[in-house]
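K.L.:
Everything below, folded, please.
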Amino acid sequence: MSVFCHDCQERLQEVRRLEAKVQGLEAERDRLGAPEGGGLMRVHVTIPGPPLAQGRARVGRNRSGNPVVYDPKRSKDWKGSAAYLMTQAARDAGWKPTDRPVQVQVAALYPCPKSDYRKRTPRPARWHTKRGDVDNIAKAVLDAGNGVLWLDDASVVDLRVGKAIAAQGQPPAVEVTAWWAPPANSEEAP
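P.N.:
Below you'll find the predicted structure:
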């Protein structure tokens with residue numbers, strides 16, 4: 001025989017269901033690497049130096065004469081440096097590689113050419129319309145983030161990329177910001 005009335009038993013069962021649900025959500029948060037207070041995770045990394053567009057894959061032959069596809073050295077080196085800096089930024093932000101939907105913003109700043117320098121009125125930043133396509137810049141950044149910011153770049157659901165010539169005296173760099181995408185049915189989704 002229970003010491004609680006019928007209404008109290010129902011409330012107690014509801015409380016236990018909610019407690020179990022909270023424990024499940026906390027376990028999911030820990031699995032995904034969410035912060036203690038909840039909310040969306042965000043990580044920002046600055047990769048110093050001029051942006052590098054992903055180079056075309058090269059084909060060579062291995063010792064047995066079979067064809068082998070490989071990354072150009074410049075692309076491989078840049079992605080290695082970018083991955084290292086992304087790892088440090090992710091560690092500092094408490095970000096773990098995830099397979100959940102991620103939004104990414106990339107800003108590529110090219111160096112201001114010396115021929116554009118002005119003494120009296122320094123040149124402001126402006127759009128870069130020359131070689132170094134934004135899709136190839138994005139590809140290099142997304143490849144560098146594989147296994148560091150996301151498990152695979154297929155989980156990037158929203159990508160915004162811009163490229164500009166830095167203002168006079170501003171160093172060239174690639175700024176990358178990644179954050180968890182809101183649910184597709186929310187008002188914040190694109």
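K.L.:
so which strand or helix has residue 69?
P.N.:
strand 67-70 (DSSP states H and E).
K.L.:
I'd like the distance from that strand to the chain centre, please.
P.N.:
Centroid separation for strand 67-70 versus its chain: 28 Å, with Cα atoms, centre = their mean, to the nearest Å.
K.L.:
And the average pLDDT for it is what?
P.N.:
The average of the pLDDT scores along strand 67-70 is 82.
K.L.:
What are the structural domain limits within this protein?
P.N.:
Listed domain ranges for the chain are 1-32, 40-180 (source: automatic domain parsing).
K.L.:
same question for the first one, mean pLDDT?
P.N.:
It refers to domain 1-32. 62.
K.L.:
roughly how far apart are residue 120 and residue 17?
P.N.:
Plainly put, residue 120 is 71 Å away from residue 17 if you go by Cβ to Cβ, to the nearest Å. For glycine as for every other residue, the C-beta is placed from the backbone atoms N, C-alpha and C.
K.L.:
quick one: which of those two has more around it?
P.N.:
residue 17 (10 against 4; other Cβ atoms under 10 Å).
K.L.:
circling back: contacts for the strand holding residue 69, please.
P.N.:
The contact list for strand 67-70, computed with Cβ atoms under 8 Å, 6 or more residues apart in numbering, reads 57-62.
K.L.:
and the residues you listed, which of them are in strands?
P.N.:
58-61 (DSSP state E).
K.L.:
which one of the residues you listed is nearest residue 90?
P.N.:
Within the ones in strands among the contacts of strand 67-70, the smallest distance to residue 90 is 29.8 Å, found for residue 58 (Cβ to Cβ).
K.L.:
from memory that closest one sits against residue 72, does it?
P.N.:
Yes - with contact defined as Cβ atoms under 8 Å, residue 58 counts as touching residue 72 (5.9 Å).
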